[in-house]
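Undergrad: Using only what follows, build the 3D model:
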Amino acid sequence: MKKFVSKNAFVWPLLGSLVLWLAIFAVTGKFSVDQLFSSAKLCSFALLLALGQMIVVTSGEGAIDLSQQYILTLTAYISCDMMQYNVVLGLVVAVAVGALCGLLNGVINIYLKVPAMITTLATGYIIFTMVLVLAPGMKTLPNAGFVDFINTNLGSLSMLTVICLIVAIALGLLLYKTPYGKQLHAVGQKRTAAKYAGISVNRVVITAFVLGGALCGLSGTLCGAFNGGAFQDMGSTYFLPSIAATFIGGTSAAGGKSNVAGVVLGALMMYLLTTFLNAANLSVGVQRLIQGAVLVLILVASVSKNQGKA
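TA: Residues are numbered from 1 along each chain as shown. The predicted structure is shown next:
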């Protein structure tokens, strides 16, 4: 049993989601399967950030992207503005800008040898400054047709959930069925060993940042449409849950280990937690405190586990 759980880290967020679902029922007195589908819809933006974060963290050496929330905000503005002319163009440009931000992060991290946390913290402030400068001259309302599209349902599943599942499946195939995925995990486990094995470490790590940035761009595009437009602090709402989902899902803080299914369930669990805290009538400050405590406990458990294996 212990061996099974160790290999399938998604078990913990799955159990956590079920417990929170029952806790919501205990607090509200209403048992509804729709609550799961609703949480799956609302966690879409944090989930895309978490999947991007998972790729960056998997690259190893304590890499983590602190610029995600700012990339999301910038790309939300860009998509809303560009979609006034063409929906596809708006989507493509927003994702491309996100990827470009990721490329910048990767190049600075690798070639200037600035630790990822410091790199992304600095670029995050630069990106947010761009938002402050550009936002007044941009259209902030989303394209009505695109809004209608993402708010449609396929059975009980929202289009947002369907999009996220497609992205998660594609990412799973990339990470576990392609040479790049194997190289990324090897690099995350030990970059020096990967280099001696003939792997282009620089290319692999920079690509990880680019993929992470592109997913931020997609999240920003969907988020801007769902929320009725872009606004300056929209990314902060999803950043903490996305970080928690990344590690709840079994991504190793030390790198070299990812779990797409676990991250998906981790994002769902975090939004069920938010729903439970709301149902319990707790203030926003207390909710953030509890979410932060959960994240700290997860990180401590992850680091302790990795040290035990060392």
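Undergrad: Going along the chain, name the helices of the stretch 151-300 of the chain.
TA: Secondary structure of the stretch 151-300 of the chain by DSSP state H, counting those that start in this stretch: the helices cover 159-177, 179-189, 191-196, 201-226, 236-248, 260-279, 284-309.
Undergrad: of those, which approaches residue 120 most closely?
TA: Residue 120 lies closest to helix 201-226 among the helices of the stretch 151-300 of the chain, at 8.6 Å (C-beta to C-beta). C-beta: built from backbone N, CA, C; applies to glycine.
Undergrad: elements contacting the strand or helix carrying residue 97?
TA: Here residue 97 sits within helix 87-111, counting by DSSP states H and E. When contacts are defined as 3 or more C-beta pairs under 8 Å, 6 or more residues apart in numbering; DSSP states H and E, helix 87-111 packs onto helix 68-82, helix 116-134, helix 144-150, helix 201-226.
Undergrad: tell me the pLDDT at residue 11?
TA: Residue 11 is assigned a pLDDT of 86 by the prediction.
Undergrad: Kindly tell me how buried it is, as a neighbour count.
TA: 17 (other C-beta atoms under 10 Å).
Undergrad: Then residue 233?
TA: 10.
Undergrad: Could I get the contacting residues of the nearest residue to it once chain neighbours are set aside?
TA: Nearest residue to residue 233, sequence neighbours excluded (C-beta to C-beta, 6 or more residues apart in numbering): residue 73, at 7.4 Å. Neighbour list for residue 73: 127, 128, 131, 220, 230, 232, 233, 234, 235 [criterion: C-beta atoms under 8 Å, 6 or more residues apart in numbering].
Undergrad: wait, isn't residue 199 in contact with residue 183?
TA: Yes: counting by C-beta atoms under 8 Å, residue 183 is a contact partner of residue 199 at 5.0 Å.
Undergrad: rewinding a little: list buried members of the contacts of residue 73 by neighbour count.
TA: 127, 128, 131, 220, 230, 234, 235 (16 or more other C-beta atoms under 10 Å).
Undergrad: Need the residues you listed in a markdown table (columns: pLDDT).
TA: Shown next, in a markdown table, are these (pLDDT from 0 to 100):
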| residue | pLDDT |
| --- | --- |
| 127 | 97 |
| 128 | 96 |
| 131 | 95 |
| 220 | 97 |
| 230 | 94 |
| 234 | 92 |
| 235 | 92 |
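Undergrad: Residue 223 and residue 238 touch, don't they?
TA: Yes: counting by C-beta under 8 Å, residue 223 touches residue 238, with 7.3 Å between them.
Undergrad: shared neighbours, these two?
TA: Common neighbours of residue 223 and residue 238 (C-beta under 8 Å, 6+ apart) are 45, 72.
Undergrad: what about the residue nearest to residue 235 when sequence neighbours are not counted, how many residues close to it?
TA: The shortest distance from residue 235 to any non-neighbouring residue, by C-beta to C-beta, 6+ apart, is to residue 69 (3.1 Å). Residue 69 has 25 neighbours, counted by other C-beta under 10 Å.
Undergrad: ok, residue 69 to residue 234 distance?
TA: To residue 234, residue 69 is 8 Å away according to C-beta to C-beta, to the nearest Å.
Undergrad: Excluding chain neighbours, what is closest to residue 31?
TA: residue 25 (4.6 Å).
Undergrad: Report the buried residues of the helix or strand hosting that neighbour.
TA: If you go by DSSP H and E, residue 25 is part of helix 11-28. Within helix 11-28, the residues that qualify as buried by neighbour count (16+ other C-beta under 10 Å) are 11, 12, 13, 14, 16, 17, 20, 21, 23, 24.
Undergrad: Check whether the fifth one really touches residue 270, as I assumed.
TA: This points to residue 16. No: look at residue 16 against residue 270 with C-beta under 8 Å: they stay out of range, at 9.1 Å.
Undergrad: For these two, list the residues in contact with both.
TA: By C-beta under 8 Å, 6+ apart, the residues touching both residue 16 and residue 270 are residue 248.
Undergrad: Report the contact partners of residue 117.
TA: Residue 117 touches 62, 63, 64, 66, counting by C-beta under 8 Å, 6+ apart.
Undergrad: That one and residue 107, how far apart?
TA: 16 Å.
Undergrad: ok, back up a step: pick the most deeply packed of the helices and strands packed on helix 87-111.
TA: helix 68-82 (a mean of 28; mean count of other C-beta atoms under 10 Å).
Undergrad: Quick one: residues contacting residue 209.
TA: Per C-beta under 8 Å, 6+ apart, neighbours of residue 209: 56, 59, 65, 102, 103, 105, 106, 109.
Undergrad: Which residue, other than its chain neighbours, is closest to the second one?
TA: Distance criterion C-beta to C-beta, 6+ apart; nearest residue to residue 59, sequence neighbours excluded, is residue 208 at 4.3 Å.
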